[in-house]
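Chemist: sequence first, predicted model second:
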Amino acid sequence: MNRRDALARVALLMGGTVIGADFFLSSCSSPTAKTEEKAGKPVAEEKPFLNPSQVSFLDEVGETILPTTATPGAKAAQVGSFMAVMVRDCYAPADQKIFLAGLTKLDEACQKQHGKGFLACDAKQRTSLLTTLDAEQKAFTANQRPDDPSHYFRMMKQLTLLGYFTSEVGATQALRYQPVPGRYDGDVPYKKGDRAWATS
Amino acid sequence: MNKNTYDAIVIGSGISGGWAAKELTEKGLKTIMLERGRNIEHVKDYVNTPKAPWELPHRGGKTQQMIEDHPVLKRDYTLNESNLSYWVDEKQSPYVEIKPFDWFRGYHVGGRSLTWGRQSYRLSDFDFTANAKDGIAVDWPIRYKDLAPWYSYVEKFAGISGSKEGLPQLPDGEFMPPMEMNVVEKHVAARLKKHYEHRRMVIGRTANITQPHHNRVNCQYQNKCWLGCQFGAYFSTQSATLPAAVATGNLTLRPFSIVTKILYDKDTKRAKGVEVLDAETNQTYEYFAKVIFLNASTLNSTWVLMNSATDVWPGGLGSSSNALGHNLMDHHFRAGARGDVDGFDDKYVYGRRANGIYVPRFRNLFGDKRDYLRGFGYQGGAGREGWAREIPEMNIGGEYKDALSEPGKWTMGLTGFGETLPYHDNQVTLDKTKRDKWGLPVLAIDASIRDNEQKMRIDMMQDAEEMLEKAGLKNVKPYNSGYNMGGGIHEMGTARMGRDPKTSVLNQHNQVWDAPNVYVTDGAAMTSAACQNPSLTYMALTARAVDHAVSELNKQNL
């Protein structure tokens, strides 16, 4: 696609605009005019936005959203570190606050559901919790008005997808990455199970 | 000879400036090309082209800092991490928006030839006669036959791939083999051809070469054009015109050279040179030449003319008519339709085609009559959805991940690019109360689309919806995502060509009526906008004008 032709084929992330800085995804961007957000003061580069335990917590959240199957999961793609960079640099201050508070909220929801913190849970319990939270964010988003804040778990899920499928692990193992195709063929056979191209 | 004296001066190094430099130097003129921004060297400076997606910390997105630094660029896909350095520093070079105007600029060697969309279409006589026929604005001083040989000339050098279709509203050119439509696009094109007499869907005609050409490697289907192509596979100043000009030994390229004015000689009624402000040192220099090509991009060419005011022409060079700064045009877009394609689950593509499909104009042609004037073309394409799609019935987990690792359904979209009429009061002026980093007055832009365009946008949605439905698509949805003038990045007009010095700035050879050794051959010259992407027309106008200028110089007429 020509980048501007691509406007006709809106690629949204998980059926909505990308939270934060109206992200430009592969070669497709949303044509919807985004409400202008006040640009916040950037957090100083040298100061890590999340501490190592928060990063590894997010790695586990990511791994539960996109776990290891026949291909590596989100933890192998270090989505926790990716989220820390994206929330620090691309999120407006209000969204940063929601994301940070979400770390605690997620653990509290886990206490409520399983009687223990997220990291203390096994894979099955984690999956059950995040399935609940995903239903919660979907319901929340369905009723969200344009200027309403986003749900913290939607942020985590979006960033997990974005971080994973554009990582080296995700792009080359879950997907197929071909830096220089060399030619174009608009009619190649496809069978179920063939992986998608990493870039468009 | 003064060391600052040349045979020719070219102001600007984008698509049209590069062409002027190539043609002038190949005809033996010692030429200086003045570029206001930094140099970008072919291949060497395309630093992000070789990078994989994961090598960009924000994966190509925008940070809050980028948004703060680029209050205009942020309005569209244009603001992104991967080619941020190919866009103007907005804080250094502000402008005034009396009405919202998206002005996306590239201040560096190559200008927007590095980032352009590369769609390359000829105008036809439907376009060149439109103003006269409709009684709108002024008549073009040229017809298709005047430009046709020059279209051929520039197409052969630039390398335009496309298919010959024999359509009167979109004349065929000198094409390299076309890129291929994908299987779904072919299917839709066949259905449309069956259903409509005058609506054709063809592969986009694009300035990406499909065969090796002048030391350039044919397109490798990376779809990274706007980062700069290490194969030189798309036309840009760097890949095509600059090396040709350099090879003559007649070119001097001077980056960081802001042309502040054209120096006008009252006695000879000619321009004698230009004043240059060095963007790095703030020193002022003068350069002299027999002929000047003004190719600073539509609005900046007009800025140079306006800032060249003298006591003879207090409104600027070219202001003897009332046309300088007026009739600003663009292509309005972001209205169309999209839908889902059933079937073809056993089909996919290989390679990333930096090109889409094109539906040439069909409205108000061949006996069709609408409640507005002119028409629009569609650009678009079909493809399978990727990992960013929503899968409503799934939430998280391994199955979800594996599902997203496969391509989704086929979808297809059409986006109209519509003609904007030339309105006298869509205009730019110099605002001397506001200054840029170098203390120069800035442009104030006051332009908007009107009733004619708004009516056209309804057709842009409805026709796309109808066509996609006729082609058998499902869940077809029209859309109109709104549009600010300028957003098409096809600024045109403000120093139009015409037949009468009282109502136009330029004559039929792109000479400024008030100073015939100054030629303006970028988008500023456009008398009407048509609906086709305009850059190919600037190339043809430029080559034609240089031919005229050199012939006039030889006759001692300049």
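Modeler: Yep, that arrived.
Chemist: grab the most central residue of chain A for me.
Modeler: Nearest to the mean C-alpha position of chain A, by C-alpha atoms, centre = their mean, lies residue A:159 at 2.0 Å.
Chemist: give the phi and psi angles for that residue, as a check.
Modeler: Backbone torsions for residue A:159, taken as degrees, to the nearest 10, come to phi -70, psi -30.
Chemist: ok, the nearest residue to it once chain neighbours are set aside to residue B:491 distance?
Modeler: Leaving aside its sequence neighbours, residue A:159 sits nearest to residue A:83 (C-beta to C-beta, 6 or more residues apart in numbering or on different chains; 4.6 Å). Every C-beta, even on glycine, is put in place using the N, C-alpha and C of the backbone. Residue A:83 sits 40 Å away from residue B:491, going by C-beta to C-beta, to the nearest Å.
Chemist: same deal with residue A:53?
Modeler: Distance from residue A:53 to residue B:491, by C-beta to C-beta: 52 Å.
Chemist: look at those two and report which has more neighbours.
Modeler: Taking neighbours as other C-beta atoms under 10 Å in any protein chain shown, residue A:53 and residue B:491 compare with residue B:491 leading, 31 against 11.
Chemist: ok, back up a step: other SSEs contacting the helix or strand hosting the residue nearest to residue A:159?
Modeler: Applying DSSP states H and E as the criterion places residue A:83 in helix A:79-90. In terms of contacts (3 or more C-beta pairs under 8 Å, 6 or more residues apart in numbering or on different chains; DSSP states H and E), helix A:79-90 is packed against helix A:52-65, helix A:93-114, helix A:152-165, helix B:64-69.
Chemist: any chance of a markdown table for the ones you listed, columns distance to residue B:411 and mean pLDDT?
Modeler: Putting those into a markdown table (distance: least, C-beta to C-beta, whole Å; pLDDT from 0 to 100) gives the following:
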| stretch | distance to residue B:411 | mean pLDDT |
| --- | --- | --- |
| helix A:52-65 | 25 | 98 |
| helix A:93-114 | 29 | 97 |
| helix A:152-165 | 18 | 97 |
| helix B:64-69 | 29 | 94 |
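Chemist: of the ones you listed, which is nearest residue A:192?
Modeler: helix A:152-165 (19.2 Å; C-beta to C-beta).
Chemist: hmm, the next helix or strand after that closest one touching chain B?
Modeler: Sequence-wise, the next helix or strand downstream of helix A:152-165 (DSSP H and E) is helix A:168-169. Yes. Using C-beta under 8 Å from any C-beta of the partner chain, helix A:168-169 reaches chain B at residue A:168.
Chemist: does the following helix or strand past helix A:168-169 come close to chain B?
Modeler: Next along the chain after helix A:168-169, taking DSSP H and E as the criterion, comes strand A:185-189. Yes. If you take C-beta under 8 Å from any C-beta as the test, strand A:185-189 does meet chain B, through A:185, A:186, A:187, A:188, A:189.
Chemist: quick one, what contacts the residue nearest to the last one when sequence neighbours are not counted?
Modeler: Taking C-beta to C-beta, 6+ apart, and ignoring the residues beside it in sequence, residue A:189 has residue B:346 as its nearest neighbour in space, at 6.2 Å. By C-beta atoms under 8 Å, 6 or more residues apart in numbering or on different chains, the contact list for residue B:346 reads A:189, A:190, A:191.
Chemist: compare these and tell me which is most surrounded.
Modeler: That'd be residue A:190 among the contacts of residue B:346, by other C-beta under 10 Å, with 16 neighbours.
Chemist: so what does the residue lying closest to it once chain neighbours are set aside look like in phi/psi?
Modeler: What sits nearest to residue A:190 in space, not counting adjacent residues and going by C-beta to C-beta, 6+ apart, is residue B:348, at 3.8 Å. For residue B:348, the backbone dihedrals (degrees, to the nearest 10) come out as phi -150, psi -180.
Chemist: could you do residue B:369 as well?
Modeler: The phi/psi pair for residue B:369 (degrees, to the nearest 10) is phi -140, psi 120.
Chemist: try the one 10 residues further on
Modeler: Summarising the backbone geometry of residue B:379 under the convention degrees, to the nearest 10, its torsions are phi -120, psi 150.
Chemist: name the SS class of the nearest residue in space to residue B:139 that is not next to it in sequence, please.
Modeler: Computed as C-beta to C-beta, 6+ apart, the closest residue to residue B:139 that is not its neighbour in sequence is residue B:132, at 4.0 Å. Here residue B:132 is helix, with the state taken from DSSP: H, G, I helix; E, B strand; the rest coil.
Chemist: next one, pLDDT for residue B:132 please.
Modeler: As predicted, residue B:132 sits at a pLDDT of 98.
Chemist: ok, residue A:57 - contacts?
Modeler: By C-beta under 8 Å, 6+ apart, the neighbours of residue A:57 are A:80, A:103, A:118, A:119.
Chemist: any idea how far the second one is from residue A:76?
Modeler: When distances are taken as C-beta to C-beta, residue A:103 and residue A:76 turn out to be 21 Å apart.
Chemist: repeat for residue B:90
Modeler: Residue B:90 is 40 Å from residue A:76, by C-beta to C-beta.
Chemist: try residue B:191
Modeler: For residue B:191, the distance to residue A:76 - C-beta to C-beta - is 45 Å.
Chemist: over to residue B:105?
Modeler: 42 Å.
Chemist: the more surrounded of those two?
Modeler: When residue B:105 and residue A:76 are compared for neighbours, residue B:105 comes out ahead with 22 against 19, by other C-beta under 10 Å.
Chemist: what residues does the stretch 151-300 of chain B have near chain A?
Modeler: B:179-183, B:185-186, B:204, B:206, B:220-223, B:226.
Chemist: mind giving me the ChimeraX command for buried ones among the residues you listed?
Modeler: Buried residues within these, by 16 or more other C-beta atoms under 10 Å in any protein chain shown, are selected in ChimeraX with:
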select /B:179,180,181,182,183,185,186,204,206,220,221,222,223,226
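Chemist: identify, from the residues of the stretch 151-300 of chain B next to chain A, the entry nearest to chain A.
Modeler: residue B:182 (3.2 Å; C-beta to the nearest C-beta).
Chemist: list the buried residues of stretch A:179-188.
Modeler: Buried, per 16+ other C-beta under 10 Å, within stretch A:179-188: A:181, A:184, A:186.
Chemist: my bad, should have said stretch B:22-36
Modeler: Applying 16+ other C-beta under 10 Å to stretch B:22-36 flags B:22-27, B:29-36 as buried.
Chemist: got it, and stretch A:139-152?
Modeler: Those buried within stretch A:139-152 under the rule 16+ other C-beta under 10 Å are A:140, A:141, A:150, A:151, A:152.
Chemist: what distance separates that stretch from the centre of its chain?
Modeler: 16 Å (C-alpha atoms, centre = their mean, to the nearest Å).
Chemist: picking that back up, so which of the helices and strands packed on helix A:79-90 is nearest residue B:543?
Modeler: Per C-beta to C-beta, nearest to residue B:543 of the helices and strands packed on helix A:79-90: helix B:64-69, 37.6 Å.
Chemist: does the very next helix or strand once past the closest one come close to chain A?
Modeler: Tracing the chain C-terminally past helix B:64-69 and defining elements by DSSP H and E, one meets strand B:96-97 next. No. For strand B:96-97, no contact with chain A is found by C-beta under 8 Å from any C-beta; the gap never falls below 14.2 Å.
Chemist: does anything pack onto strand B:96-97? Which helices or strands?
Modeler: Partner elements for strand B:96-97 (3+ C-beta pairs under 8 Å, 6+ apart): strand B:441-446.
Chemist: partner strands of the strand it packs on, with direction?
Modeler: Looking at strand B:441-446 with DSSP bridges, its partner strands are strand B:96-97 (parallel), strand B:427-435 (antiparallel).
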